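sequence below, structure please.
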Amino acid sequence: MDLTITPPEGYRKTRMPWLWALASCDVCGGSGEYLVDDHDDRDEPWDPEDGPLLYPQPCDCLWAPEPEVTRTIEEQNRREREREQQRQRDARAWAEIDAAIGPRRAGGTYWDGARQGWYFVEAIYTAGRPTDRPAWWIGVRWADGTRSTHSTPWNPQAGDGQPPPPGPAPEPPELRHRRTHCRRCTSRFALVRAAHRIGLL
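Numbering: from 1, shown residues only. I've put the predicted structure just below:
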């Protein structure tokens, strides 16, 4: 079916859907409507001070295409609107997934604020249409070698990506041993402790 609407020559589109009017019409001036008043239809006397009550009347010059054509076009327009709405929903859903994944990319190493540990992203998966069943997950390998999958959103507020500041370096075992078990270091005599520090004892 040819869905191209070609009105008769000399006709132009009106504000009414699927209606064209004769541009040179003396009655409506090409608008497809003309104003009438209800003075003759009123039961009560008309007060000239009220002014006439006007309402639009469709003009006889109006032309419309076949109803089957308009129904088909309206159905196509409806489907296109639905497709556009679906595209917008998909775009919003993918944007949410992208925000949940955050800066993580396959092959990168990241800090997990909740578990307080590093993990290596082996792969990022997405499946299905996001608005039907948003599905995404990350395959990771933790610092201890274990592997897991999860779909935990990236959360900088929980410490993701920011490891805690390094604390003081652990004391060497030999120093801990000497401090704990050396009687000269803990002697109650200052002379003994001083002589021990400089290596005389």
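
remind me, longest strand of this structure?
In the chain, ranked by residue count with DSSP state E as the criterion, the top strand is strand 117-127.

what helices or strands is it leaning on?
strand 109-112, strand 135-142 (3 or more CB pairs under 8 Å, 6 or more residues apart in numbering; DSSP states H and E). The C-beta positions use only the backbone N, C-alpha and C, and glycine is treated the same way.

list of residues touching the first one?
Contacts made with strand 109-112 from outside it, assessed by CB atoms under 8 Å, 6 or more residues apart in numbering, are listed as 103-104, 117-121, 159-163.

who wins for neighbours among the residues you listed?
Neighbour counts for the contacts of strand 109-112 were taken using other CB atoms under 10 Å; the highest belongs to Y119, which has 22 neighbours.

which SS class is the most centrally placed residue in the chain?
The geometric centre of the chain, computed from its C-alpha atoms, lies nearest to R92 (CA atoms, centre = their mean), at 2.9 Å. Following DSSP: H, G, I helix; E, B strand; the rest coil, we place R92 in the helix state.

and it, what's its pLDDT?
Confidence at R92, expressed as pLDDT, is 87.

starting at the chain centroid, how far to the longest strand of the chain?
Per CA atoms, centre = their mean, to the nearest Å, the displacement of strand 117-127 from the mean C-alpha position of its chain is 22 Å.

sorry, back to before: let me have the helices and strands packed on strand 117-127 in JSON lines, extended by mean neighbour count.
Listed next are the helices and strands packed on strand 117-127 as JSON lines, based on neighbours: other CB atoms under 10 Å:
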{"stretch": "strand 109-112", "mean neighbour count": "16"}
{"stretch": "strand 135-142", "mean neighbour count": "17"}
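
nearest to G29, of those?
Each of the helices and strands packed on strand 117-127 was checked against G29 via CB to CB, and the shortest separation belongs to strand 135-142, namely 60.1 Å.

the helix or strand following that closest one: how far from the chain's middle?
Along the chain past strand 135-142, the next helix or strand (assigned with DSSP states H and E) turns out to be strand 147-150. Here the centre of strand 147-150 is set off from its chain's centre by 26 Å, with CA atoms, centre = their mean.
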